[in-house]
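Colleague: With the sequence up front, the predicted model follows.
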Amino acid sequence: MPSIENNVAVVQEKIAAAAARSGRRPEDVCLVAVTKTVPPEKIQAALAAGIEHMGESRIQEALSKVGIISPGPTWHLIGHLQRNKAKLAVQIFDFIHSVDSLRLGYTLQRRAEESKRTVDCLVQVNVAGERAKYGVSPAQLLPLLKKMSALSRLNVRGLMTIAPYVDNPEKVRPVFRQLRKLARETEKLKLPGIRMEELSMGMSGDFEVAIEEGATMIRVGTAIFGSRTDPATK
Ligand SMILES: *Cc1c(COP(=O)(O)O)cnc(C)c1O
């Protein structure tokens, strides 16, 4: 079994190579280690291997980990957020990748006000239009962002997408390219409070292609921690 330390090193080498191919530096890509279903000992090992950003997809599971992993990394929420858990999300996460509706935006604004916090977030776009996935459609994106621009407690920092699962990552290159194009088009509008500096795209199977297409944040679970055994928490 390769060690977590070794896996992290391999992923970092691949990040550096892909960044170089797109004319960027390795530091321009933030590696978020996805810790869903991963027990604390292994998360701690990833921390020791130099990981500074961790991603969880469920509030309940994150609650059991965030307090005990130390020194605390930057925690990213990468999964769908139910509005009734927005208060907890604002309290425990530093970055929310998965804002996928205006209603959720309004709820986060209210919860952030109550907690006297501002929330760094991304808007999730369902670029490929998959029925089983969350995210706004490309056509809904601009109307949503125009409204979110008025939400003072939300710092929209960019966009996120989850590409379809495919055997060959080249097949999803157009998905990543499309997300980048949407970010560029949005940027031109210069909406107050809306920045397009981050593109969260790419997972274990496709992060190199995503980086080549401009990813600034990649979310990697399996390539660091090995395959997840519990399909229910996928
Ligand atoms: C689980 C998950 C990942 C990580 O997937 P791997 O294929 O294990 O790297 C990334 N992003 C999201 C939104 C996820 O739910």
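Modeller: Yes, it's here.

Colleague: where does the protein come near the ligand, residue by residue?
Modeller: Contact residues (C-beta under 6 Å from any ligand atom) of the chain with the ligand: 34, 36, 57, 78-79, 162, 203-205, 219-223. For every residue, glycine as well, the C-beta is placed using N, CA and C.

Colleague: 8 Å - rerun?
Modeller: 34, 36, 55, 57, 78-79, 97-98, 160, 162, 203-205, 207, 219-225, 227-228, 234 (C-beta under 8 Å from any ligand atom).

Colleague: What is the helix or strand encompassing Arg111 packed up against?
Modeller: Here Arg111 sits within helix 102-114, counting by DSSP states H and E. Counting contacts by 3 or more C-beta pairs under 8 Å, 6 or more residues apart in numbering; DSSP states H and E, helix 102-114 packs against helix 86-92, strand 95-99, strand 119-124, helix 138-148, strand 154-160.

Colleague: picking up where we left off before, which entries within the residues of the chain next to the ligand meet the buried criterion?
Modeller: Among the residues of the chain next to the ligand, those classed as buried by 16 or more other C-beta atoms under 10 Å are 34, 36, 55, 57, 78-79, 97-98, 160, 162, 203-205, 207, 219-221, 223-225.

Colleague: Just the ones in helices from the residues you listed, please.
Modeller: In helices, judged by DSSP state H, the following of these are found: 207, 223-225.

Colleague: so what pLDDT did Thr229 get?
Modeller: Looking at Thr229, its pLDDT stands at 72.

Colleague: okay, and for this protein, where does confidence drop off?
Modeller: Scanning the chain with the threshold set as pLDDT under 70 gives 1, 230-234.

Colleague: Please enumerate the strands of it.
Modeller: Per DSSP state E, the chain carries strands over the ranges 30-34, 53-56, 74-77, 95-99, 119-124, 154-160, 194-200, 217-220.

Colleague: Could you dump the ones you listed into TSV and include distance to Gln44?
Modeller: Listed next are these as TSV, based on distance: least, C-beta to C-beta, whole Å:
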stretch	distance to Gln44
strand 30-34	12
strand 53-56	11
strand 74-77	14
strand 95-99	21
strand 119-124	25
strand 154-160	26
strand 194-200	24
strand 217-220	17
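
Colleague: Of those, which is nearest Lys87?
Modeller: Of all the strands of the chain, strand 119-124 sits nearest to Lys87, with 11.5 Å by C-beta to C-beta.

Colleague: which helices and strands sit right next to that closest one?
Modeller: On a contact count with 3+ C-beta pairs under 8 Å, 6+ apart, strand 119-124 meets strand 95-99, helix 102-114, helix 138-148, strand 154-160.

Colleague: Tell me which of those lies nearest to Ser64.
Modeller: Ser64 lies closest, by C-beta to C-beta, to one member of the helices and strands packed on strand 119-124: strand 95-99, at 18.8 Å.

Colleague: Which strands or helices does the closest one pack on?
Modeller: By 3+ C-beta pairs under 8 Å, 6+ apart, strand 95-99 packs against strand 74-77, helix 102-114, strand 119-124, strand 154-160.

Colleague: strand partners of that strand, parallel vs antiparallel please.
Modeller: strand 74-77 (parallel), strand 119-124 (parallel) (DSSP bridges).

Colleague: Give me whichever of the helices and strands packed on strand 119-124 is most buried.
Modeller: strand 95-99 (a mean of 25; mean count of other C-beta atoms under 10 Å).

Colleague: how far out from the middle of the chain is that strand?
Modeller: 7 Å (C-alpha atoms, centre = their mean, to the nearest Å).

Colleague: What of stretch 124-131?
Modeller: Stretch 124-131 sits 15 Å away from the centroid of its parent chain (C-alpha atoms, centre = their mean).
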